[in-house]
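>>> Any chance you could fold what I've pasted below:
(one chain, ligands or ions: 2)
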Amino acid sequence: MIAFKHSYAELPSPCFARVNPTPVSAPQIIKINTKLATKLGFDLDYFKTSDATKIFSGNSVSENSKPIAMAYAGHQFGNWVHSLGDGRAILLGEIDTPEGVRFDIQLKGSGKTPFSRQGDGRAWLGPVLREYIVSEAMHHLGIPSTRSLLTLTTGDIVYRERPLPGAILVRVSRSHIRVGTFQYFYARNDYNSLKRLADYLINRCYPEIKYARNPYLALLESIVERQIKLVVQWLGVGFIHGVMNTDNTSLSCETIDFGPCAFLDKYHPEKVFSSIDFNGRYSFSNQPKIMQWNLTQFAATLLPLIDSNVDVSKKLANEALSEISDLYETHWLEIFGAKLGIKTPNTNDHNLILEFLTAFQSAGCDFTKAFRILSELEFDAITYKAFEPIAENPQSLLHWLNKWKDRLYTLALPDLDRRKLMQRSNPWIIPRNHQIELAIQESLEGDYFRFNNLVEALKKPYKRQIKYAAFSKPPRSNEIVTKTHCGT
Ligand code: AMP
Ligand code: MG
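Numbers count the residues shown, from 1 in each chain. Ligands and ions are numbered 1, 2, ... in the order given. The predicted model follows:
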């Protein structure tokens with residue numbers, strides 16, 4: 001029996017609805033994340049038992065599990081939605097790892113809840129595999145992310161534009177509390193629940209600020225710091241979340257909700273993949289601004305808690321938010337500096353990095369490969385010709401490459417160390433959109449070979465793995481994915 005805890009369910013009743021998963025016809029586990037399972041303290045033999053399949057498909061509810069759907073609201077594409085909540089996800093409970101770290105165990109695609117509105121509460125195999133691949137890849141890239149413990153097919157058909165196989169993802173998170181969770185109570189003037197929720201979040205994810213002079217202000221500061229770093233980490237690997245609504249912004253500051261997310265192939269700052277992002281609100285380079293906007297919405301919900309005098313609260317919250325631009329610049333310089341082999345970048349490097357991105361854009365370079373080539377080339381071999389396989393106009397890099405070499409001269413860093421630093425900062429492989437699509441298509445035909453290999457290859461994203469070379473290649477022109485879709 002899994003030793004579920006239920007600390008979230010001890011919060012005031014408006015925070016959640018009790019609901020059991022809806023049973024499915026013929027659940028079949030298709031992937032177990034054995035390393036994560038072990039880290040969580042599971043005995044791997046457990047997954048061979050029929051009990052495991054029953055519990056994770058929602059076909060039975062373990063004696064000590066009190067499943068709930070969490071309440072939240074949120075801004076979707078900037079528009080306020082008073083009630084959202086887990087419409088297709090159910091929290092089975094929390095478990096403590098042997099090291100004492102607590103994680104949520106949630107089923108995604110497990111049937112209707114009181115928050116389902118018109119939805120069927122289900123998920124189909126495509127988005128489930130996509131989330132498995134990308135969330136795990138993010139983790140192995142060193143970027144905070146919710147994780148995937150297991151996926152299964154349900155044996156039922158889910159109707160979208162066409163009938164598709166139903167699936168469930170078992171998602172693991174430090175907490176599923178979102179900006180939208182706080183907004184839910186703030187919008188209802190339910191400051192009692194709001195305070196309980198804030199205390200809960202502090203206790204669970206930010207214990208170091210529990211005894212701060214003003215814990216709620218410290219909470220805002222901690223979340224601002226972590227989320228800004230997170231969004232810069234996304235930029236560093238060319239990740240576009242695609243649907244940064246406030247309900248998809250986690251307050252444990254993990255990347256969450258991998259709907260229409262995608263990675264850049266060729267670098268273009270305004271790149272959008274999501275089929276519903278018509279105005280580019282969530283484009284690649286707009287993500288930091290949107291994160292700032294989301295953090296501002298979060299700060300607003302804390303005003304009743306920060307101080308009893310609302311003017312004082314506003315002043316303190318604004319001070320915390322005003323740190324964003326400096327935090328952003330610091331993290332951006334650090335992450336992109338390391339990508340270019342500059343360990344302690346100075347403010348002049350800001351322009352060098354920007355010029356690099358512009359040069360790479362005009363050269364029509366693949367984002368990931370361009371950085372990786374720079375990190376593999378020995379100093380004397382740095383020439384625009386090295387970019388011929390991945391660029392349309394490699395000559396346009398010439399000027400910038402010379403500037404970069406001049407800068408490297410000033411660093412007094414042995415070339416091998418420079419390359420090592422860069423190879424730690426520039427992945428050799430990322431989850432390429434066309435490979436994800438292929439893995440999904442083949443899985444729909446019952447062939448999980450590519451999916452399994454892709455997941456395997458992405459466990460060591462910074463290592464050159466010759467046997468997975470095909471996965472690391474940019475798409476050929478007929479393979480390019482131009483649009484991605486929400487996971488509904
Ligand atoms: P998302 O855009 O995936 O973050 O989802 C936004 C909201 O829609 C959340 O409240 C989800 O729970 C809900 N939702 C998405 N898909 C479904 C579905 N198939 N059935 C019920 N609710 C859903
Ligand atoms: Mg969501």
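>>> make it CA atoms for all contacts and neighbour counts henceforth
Noted.
>>> Show me the strands in this protein, by range?
16-18, 28-32, 68-70, 74-76, 79-81, 89-96, 102-108, 123-124, 147-159, 163-173, 239-240, 262-263 (DSSP state E).
>>> Those strands: which one's closest to Asp45?
Nearest to Asp45 among the strands of the chain is strand 28-32; the distance by CA to CA comes to 11.5 Å.
>>> Identify the residues contacting that closest one?
53, 149-155 (CA atoms under 8 Å, 6 or more residues apart in numbering).
>>> Just give the strands next to that strand in its sheet, each with its orientation.
strand 147-159 (antiparallel) (DSSP bridges).
>>> Let me see the contact set for Thr296.
Leu321.
>>> for Leu235, same thing?
284-285.
>>> tally of neighbours for Arg213?
9 (other CA atoms under 10 Å).
>>> Let me fix that, I meant to ask about Thr368.
26.
>>> now Ala470
Ala470, neighbours per other CA under 10 Å, totals 12.
>>> Give the full set of residues in contact with it.
Ala470 neighbours (CA under 8 Å, 6+ apart): none.
>>> Kindly report the same for Leu44.
34, 37-38.
>>> Give the burial count for the nearest residue to Ser7 once chain neighbours are set aside, as a bare number.
Nearest non-adjacent residue to Ser7, counting by CA to CA, 6 or more residues apart in numbering: Glu94, 7.6 Å away. By other CA under 10 Å, 23 other residues sit near Glu94.
>>> same question, Asn426
Asn426, neighbours per other CA under 10 Å, totals 31.
>>> wait, doesn't it sit right on Tyr462?
Yes. If you go by CA atoms under 8 Å, Asn426 and Tyr462 touch, sitting 6.7 Å apart.
>>> one step back: let me have the strands of the chain in a markdown table, adding distance to ligand 1 and mean pLDDT as columns.
Output for those, formatted as a markdown table (distance: least, CA to the nearest ligand atom, whole Å; pLDDT from 0 to 100):
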| stretch | distance to ligand 1 | mean pLDDT |
| --- | --- | --- |
| strand 16-18 | 13 | 98 |
| strand 28-32 | 20 | 98 |
| strand 68-70 | 9 | 98 |
| strand 74-76 | 8 | 98 |
| strand 79-81 | 10 | 98 |
| strand 89-96 | 7 | 97 |
| strand 102-108 | 9 | 98 |
| strand 123-124 | 6 | 98 |
| strand 147-159 | 9 | 98 |
| strand 163-173 | 11 | 98 |
| strand 239-240 | 15 | 98 |
| strand 262-263 | 15 | 98 |
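>>> Take these and lay them out in CSV including distance to Arg372.
As requested, the strands of the chain are exported to CSV (distance: least, CA to CA, whole Å):
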stretch, distance to Arg372
strand 16-18, 46
strand 28-32, 30
strand 68-70, 42
strand 74-76, 36
strand 79-81, 39
strand 89-96, 38
strand 102-108, 34
strand 123-124, 35
strand 147-159, 26
strand 163-173, 31
strand 239-240, 16
strand 262-263, 15
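>>> Spell out which residues of this protein are next to ligand 1.
Applying CA under 6 Å from any ligand atom, one finds that the chain approaches ligand 1 through 84-88, 116, 119-123, 248, 487-488.
>>> which of those count as buried?
Neighbour-count burial (16 or more other CA atoms under 10 Å) is assigned, among the residues of the chain next to ligand 1, to 84-88, 116, 120-123, 248, 487.
>>> Restricted to helices, list the residues of the chain next to ligand 1.
The helices, defined by DSSP state H, take in nothing from these.
>>> what's the burial count for Ser308?
10.
>>> quick one, what contacts it?
Ser308 neighbours (CA under 8 Å, 6+ apart): none.
>>> mind showing which ranges of this structure have poor pLDDT?
Low-confidence segments of the chain (pLDDT under 70): 487-488.
>>> any idea which helix is longest in it?
helix 215-236.
>>> how near is Gly119 to Arg88?
Gly119 sits 8 Å away from Arg88, going by CA to CA, to the nearest Å.
>>> anything in contact with each of these two?
Lys112.
>>> Tell me the buried residues within the contacts of Leu44.
For those, buried by 16+ other CA under 10 Å: Ala37.
>>> List the residues that contact the closest residue to Phe356 other than its chain neighbours.
Using CA to CA, 6+ apart and skipping the chain neighbours, the partner closest in space to Phe356 is Trp400 (6.4 Å). When contacts are counted by CA under 8 Å, 6+ apart, Trp400 touches 355-356, 359.
>>> Quick check: Asp86 touching Met70?
Yes. Asp86 lies in contact with Met70 (CA under 8 Å); the separation is 5.5 Å.
>>> What are the buried residues along stretch 140-152?
So, applying 16+ other CA under 10 Å, buried residues of stretch 140-152: 140-141, 143-152.
>>> got it, and stretch 56-70?
Taking 16+ other CA under 10 Å as the criterion, stretch 56-70 shows 56-62, 65-70 as buried.
>>> how far out from the middle of the chain is that stretch?
When distances are taken as CA atoms, centre = their mean, to the nearest Å, stretch 56-70 is centred 25 Å away from the chain's centroid.
>>> got it, and stretch 113-128?
20 Å.
>>> Any idea how far apart the tips of that stretch sit?
Across stretch 113-128, first to last residue, CA to CA, it's 19 Å.
>>> What are the contacting residues of that stretch?
17, 19, 69, 71, 83-90, 108-112, 151, 153, 158, 164-169, 258-259, 440, 444, 486-488.
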